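Chemist: Here's a sequence, model it:
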Amino acid sequence: MKKDDLPEFIDPKQYPDFWEQMKGFKNFIGDVGQTVASGTNPLVDENFVQKRLNICNECNHFNIHSKRCYLCGCFMEHKAKFKDAQCPMSMW
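Modeler: Numbers count the residues shown, from 1 in each chain. So this is what the prediction gives:
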């Protein structure tokens, strides 16, 4: 069976393992915590979120069906909402 023959919900690529994802998540949560502690809103507006997601949609490391990044394992529809979030490819 070729990759193109697979149903879209079966993902032949691999995401980082759980522990690797948790390392990144820990750093991200720390950054968001510092932003909140400083009294600053940790979220960006919807237009900014959409700009980030448009970049993701053009990236080879993005699963358009699950809206998930193959490099960091994040669900980008959620990650893109936070000011302190960063693309693992430094695209945003």
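
Chemist: Quick check: nearest residue in space to the most centrally placed residue in the chain, chain neighbours excluded?
Modeler: With distances taken as C-alpha atoms, centre = their mean, the residue of the chain nearest its centroid is Met76 (3.2 Å). Closest residue in space to Met76, ignoring its immediate chain neighbours: Cys56 at 4.9 Å, by C-beta to C-beta, 6 or more residues apart in numbering. To be clear about C-beta, it is placed using only N, CA and C from the backbone, and glycine gets the same treatment.

Chemist: That neighbour: neighbour count?
Modeler: 23 (other C-beta atoms under 10 Å).

Chemist: And the one 5 residues further on, by the same measure?
Modeler: When counting by other C-beta under 10 Å, one arrives at 15 neighbours for His61.

Chemist: any idea how far it is from Lys81?
Modeler: In this structure, His61 and Lys81 are 19 Å apart, going by C-beta to C-beta, to the nearest Å.

Chemist: give me the low-pLDDT residue ranges for the chain?
Modeler: 1-12 (pLDDT under 70).

Chemist: For it, which segments count as strands?
Modeler: In the chain, the strands defined using DSSP state E lie at 62-63, 68-69.

Chemist: Can you give me the neighbour number for the residue nearest to Thr40 when sequence neighbours are not counted?
Modeler: Distances taken as C-beta to C-beta, 6+ apart place Lys83 nearest to Thr40, at 7.7 Å, with adjacent residues excluded. Neighbour count for Lys83, taken as other C-beta under 10 Å: 13.

Chemist: what sits up against the helix ranked longest in the chain?
Modeler: Ranked by residue count under DSSP state H, the longest helix found in the chain is helix 18-37. Contact partners of helix 18-37, identified using C-beta atoms under 8 Å, 6 or more residues apart in numbering, comprise Tyr15, Pro16, Asn41, Pro42, Cys72, Gly73, Cys74, Lys79, Phe82, Lys83, Asp84, Ala85.

Chemist: With that, I have no additional questions.
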